[in-house]
Each structure stands twice: as structure tokens, then as C-alpha cells.
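Asker: when you get a sec, could you give me coordinates for this:
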Amino acid sequence: MRTKIAEEMKQSMKDKNPRRTSTLRLINAAITDRDIALRGKGKDKADDEEVLDILTKMVKQREESSKMYREGNRPELETQELEEIEIIREFLPTQLSAQEAEAAVNDAIAETGAESLRDMGKVMGILKERYRGQLDMGIVGPLVKGKLGA
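Answerer: Alright, predicted model coming up:
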């Protein structure tokens, strides 16, 4: 994944695409920050799963910012955030549809034998492990809660 990001950055610099180049630099900086933090914990580099977590977090931050800019009547800044989201999403796995997400939740509940809200952590753990970057846990959490709380 790191190689793909580096190659894309080189290409965007050749293409003289400043928005793409700056966004890819932000991604690299975030990955480097995580690498530095992990060195203190005895780990060499962030693996691909951790990079996916970083990218997912970056998308969430930009979604929140674009919402604030829209509410603050700053369309030019909102557009910038939305463009950055699209660039970052190129490196994330395809998001599951609502039907696929519900099926994944049902499978995880069946697999864990979850029956109540006390079992929600087990279900969420499986979903996070299997569908990293493909599911928005903020959306899936209430779905799991609704199924287990009913």
C-alpha cells in the first residue's frame, strides 16, 4: 500500500496536480507519524491494516470538516475537503452496500452466538477484523445494537 501511495504521489507531481499531491503528502505524513509512534512500542512500521485505519480516520475527519464548512457557508472549503475524501478513498477497499453490511452483521451475530447487548463487543470485533475499511463502524454499531437489543 505504501508503494502504491508513493507511486501515485510521483505521478501527481509529474501531472502538476497540486490538490492530489498535497493530499498524498498528508497521507504519507500521517503514516510516518504512526510509524514513529510505533517505534516507541517496539514495532518497526505500521502494517497495511494500520494504514487502512489511518485512511479511514482521515476520511472521517474530512467528512466532519466538509459538514462544518457547508453549515458555515464556505463552499470553496467544502469542495476542497470533498476532493480530498475522493483521493483518500482511492486507497480504501470498496465500501459494502447496506444489504451486504446487514448480511455481515447477521453472519457475525450467528457466528458468535450473540444474544444480548453484552455480546456486542464480540460481534463488533469480528466485523472490524474481517471488514476493515469496508464498513463504517459508526453506522454498523447501531445496527448491531438494534439486532441484539430487540
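
Asker: make it CA atoms for all contacts and neighbour counts henceforth
Answerer: Will do.

Asker: Val105 and Asp136, how far apart?
Answerer: Using C-alpha to C-alpha, to the nearest Å, Val105 is found at 12 Å from Asp136.

Asker: compare those two (neighbour count), which wins?
Answerer: A count of neighbours by other C-alpha atoms under 10 Å puts Val105 above the other of Val105 and Asp136, at 21 against 16.

Asker: nearest residue to that one other than its sequence neighbours?
Answerer: Val144 (6.6 Å; C-alpha to C-alpha, 6 or more residues apart in numbering).

Asker: immediately after the lengthiest helix in the chain, which helix or strand?
Answerer: Ranked by number of residues, the top helix in the chain under DSSP state H is helix 48-71. Under the assignment DSSP states H and E, the closest C-terminal helix or strand after helix 48-71 is helix 75-89.

Asker: mind checking how far the next helix or strand after that following helix is from the chain centre?
Answerer: For helix 75-89, the following helix or strand on the C-terminal side (DSSP H and E) is helix 98-112. Centroid separation for helix 98-112 versus its chain: 19 Å, with C-alpha atoms, centre = their mean, to the nearest Å.

Asker: on contacts alone, who are the packing partners of helix 98-112?
Answerer: Contacts defined by 3 or more C-alpha pairs under 8 Å, 6 or more residues apart in numbering; DSSP states H and E place helix 98-112 against helix 120-130, helix 137-149.

Asker: hey, least reliable of these by pLDDT?
Answerer: Per-stretch mean pLDDT for the helices and strands packed on helix 98-112 is lowest at helix 137-149 (a mean of 85).
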